[in-house]
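In: here's my sequence, what's the structure:
(one chain, ligands or ions: 3)
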Amino acid sequence: GCGICINKCPFDAIMIIGLPEELDKPIHRYGTNGFALYGLPSVETGRVTGILGPNGIGKSTCVQILSGNMIPNFGGEEGSWDEVLEYYSGTSMYEYFSKVAAGTIKVSQKPQYVDMIPKAFKGKTRELLENTDESGRLDDLVNKLGLSNIMDRNIGDLSGGELQRVAIAACAAKDADFYFFDEISPYLDIYQRIKVSQLIQEISQDKAVLVVEHDLAILDMLSDVVHVAYGMPSGYGVITHPKGVRIAINQYLKGYLPEENVRVRPDSINFEVHPPRAEKEVGTLVEYEGFSKNYDKFSLKAAEGSLRNGEVLGVVGPNGIGKSTFVKVLAGEEEPDEKEMDFDISISYKPQYVVVDHNLPVKYFLRGISSKVDTSYYEAEIAKPLQLERLYDRSLADLSGGELQRVAIAACLTRDADMYILDEPSAHLDVEQRSQATKTIKRFAENNKKTAMVVDHDIYMIDMLSERLIVFEGEPAVYGEAHSPTGMQKGMNKFLSNLDITFRRDEDTSRPRVNKKDSHLDRLQKSKGEYYYYN
Ligand code: ADP
Ligand code: ADP
Ligand code: MG
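Out: Residues are numbered from 1 along each chain as shown. Ligands and ions are numbered 1, 2, ... in the order given. You can find the predicted model right below:
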């Protein structure tokens, strides 16, 4: 353990641990020694309530209670709504639970795992959506979410990003009092994440909305208040009182909640304002020539570039612009049109979609890549931060999306290579796992003086990891242009100006924050062409 736990920490001290004394009675407990939930998020018409915390901490349990599907038992045998009303009398949640008890609250939910939808629904997008259109807003939603081209496609043929937007439209089209979105960002690029955030804010004008989101830049711009959720996944979960969005995210990053007097992580997550290192300090790993790659309906043009030893390059751009194609060409998985790449370095590559084709136990699989798996260095630098130890005996074929992602990141870093390419490592990871993965990749590159390239849509991950950036522009699914690597300032400027958003750094934690559109700072930065921070 890390020495701060009051309980014995079974999770290698990745999570917290410490239960405030006043939390003696849970809102709900599953069975005698089952998972216990302390506290509930507040839901209020006219605002978006965000929840910030890892998976397995009781978020779905909260929603079961708030939607009236489950009566909380306060740790006892069986609960009743009378008991709930008594418990909440005199609080802001009393009125809400009165309606729940009377059966007059209508809830609309977007499930966390959209991949399940094709199993439950066979038919066309149009049929699915028309069934849910109680509010008459469907046309507007289809338009805003860019779904018109896929209305007549089968649900089973949609990509992850398309399914996600259909699921969001279906949830939003219902006429409910309370809307719950269990993650909005999976499979979506940053353009789409911002669009969805704006849509959810519109809904919240006259409805109550609760959102779970692991992309902190999006949670930050989307929410009006945030509850931090902490505890021991599968053991117990605590939902704090609502906090201001900025404060909640800052406290979470620092790893300490002062009002609760609880440490949720042994160390803080830091954003550094790192000046680019001088070129001669680091040395060049490889130079590559420009190339092009044409598919049937899509063409990619990549400008030449040079990669440096020990640097992490971020790769950013919308979905369908050729990012995966670009890294596949570098990794030697695809040939460019002109000729073979003259690229005599070895590359370890984690693809965007991780496919499992055998059912080895995790540890056996990783050992097969390298014997360094059994060293204490590996344990400290890879296994612990990626929470591999409790997966070691499990079969690859039985892992969930987030578990498989962590193993795939580890496998990529376990191989001996000159360069490491990770395509969307944040996918399926919760907020805590993302920060651990970010740290793992960065330290790996620094300590081993290896070059790494990371494609991702999570701005916090990109900002924390990258020294330089490769920016993609073009028209999704038609053509894409990969620019040469540039410094963060210049690259982010280009990227953000395409998005039409500006960033400032938080004074306290230096994390990036999206400026409110048309705010003083937003207009000032745009007029100066400084989309990425302005000092
Ligand atoms: P989250 O949504 O934050 O991932 P959940 O609310 O789904 O978390 O689950 C929290 C914990 O409660 C999990 O460890 C899960 O095993 C346990 N749990 C969830 N539902 C039940 C149930 N019906 N019976 C017993 N335990 C449950
Ligand atoms: P990104 O990673 O930026 O989302 P991709 O490189 O995966 O983009 O894809 C860019 C475009 O190329 C998409 O329109 C995709 O459908 C198309 N594409 C990708 N791979 C192939 C392939 N093997 N054959 C034909 N088209 C492809
Ligand atoms: Mg891709």
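
In: flag every buried residue along stretch 517-526.
Out: Within stretch 517-526, the residues that count as buried by 16 or more other C-beta atoms under 10 Å are 522, 525, 526. To be clear about C-beta, it is placed using only N, CA and C from the backbone, and glycine gets the same treatment.

In: save those as JSON lines, and put in distance to ligand 1, secondary structure and pLDDT too.
Out: Formatted as JSON lines, the buried residues of stretch 517-526 follow (distance: C-beta to the nearest ligand atom, whole Å; DSSP: H, G, I helix; E, B strand; the rest coil; pLDDT from 0 to 100):
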{"residue": "522", "distance to ligand 1": "34", "secondary structure": "helix", "pLDDT": "96"}
{"residue": "525", "distance to ligand 1": "37", "secondary structure": "helix", "pLDDT": "95"}
{"residue": "526", "distance to ligand 1": "39", "secondary structure": "helix", "pLDDT": "95"}
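
In: which strands or helices does the helix or strand containing residue 253 pack on?
Out: Assigned by DSSP states H and E, residue 253 falls within helix 245-254. Contacts defined by 3 or more C-beta pairs under 8 Å, 6 or more residues apart in numbering; DSSP states H and E place helix 245-254 against strand 47-52, helix 216-222, strand 225-232.

In: helices or strands up against the second one?
Out: I take that to be helix 216-222. Against helix 216-222 (3+ C-beta pairs under 8 Å, 6+ apart) you get strand 47-52, helix 190-203, helix 245-254, helix 459-465, strand 512-514.

In: swap the cut-off to 6 Å and go again
Out: Contacts defined by 3 or more C-beta pairs under 6 Å, 6 or more residues apart in numbering; DSSP states H and E place helix 216-222 against helix 190-203, helix 245-254, helix 459-465.

In: quick one: stretch 404-421 to chain centroid distance?
Out: 19 Å (C-alpha atoms, centre = their mean, to the nearest Å).

In: over to stretch 443-462?
Out: 16 Å.

In: over to stretch 294-308?
Out: For stretch 294-308, the distance to the chain centre is 27 Å (C-alpha atoms, centre = their mean).

In: any idea how far residue 139 is from residue 173?
Out: 10 Å (C-beta to C-beta, to the nearest Å).

In: could you do residue 244 as well?
Out: 31 Å.

In: which of those two has more neighbours?
Out: Applying other C-beta atoms under 10 Å to residue 244 and residue 173 shows that residue 173 carries more neighbours, namely 23 against 13.

In: so how many other residues sit close to the residue in the stretch 251-400 of the chain positioned nearest to ligand 1?
Out: Residue nearest to ligand 1 within the stretch 251-400 of the chain: residue 400 (10.9 Å; C-beta to the nearest ligand atom). For residue 400, the neighbour count with other C-beta under 10 Å is 12.

In: phi, psi of it?
Out: Residue 400 has phi and psi values of phi -80, psi 170 when expressed as degrees, to the nearest 10.

In: for residue 481, same thing?
Out: phi -130, psi 120.

In: from residue 496, how far off is it?
Out: 17 Å.

In: again, but for residue 319
Out: 17 Å.

In: show me where the stretch 301-450 of the chain has helices.
Out: 323-330, 362-369, 376-378, 401-414, 431-448 (DSSP state H, counting those that start in this stretch).

In: one step back: show me which of residue 319 and residue 496 is the more surrounded one.
Out: Regarding residue 319 and residue 496, a neighbour count based on other C-beta under 10 Å identifies residue 496 as having more, with 24 against 19.

In: so of the helices and strands packed on helix 216-222, which one's packed in deepest?
Out: helix 459-465 (a mean of 25; mean count of other C-beta atoms under 10 Å).

In: which strands or helices does it pack on?
Out: Packed next to helix 459-465, using 3+ C-beta pairs under 6 Å, 6+ apart, are helix 216-222, helix 431-448.
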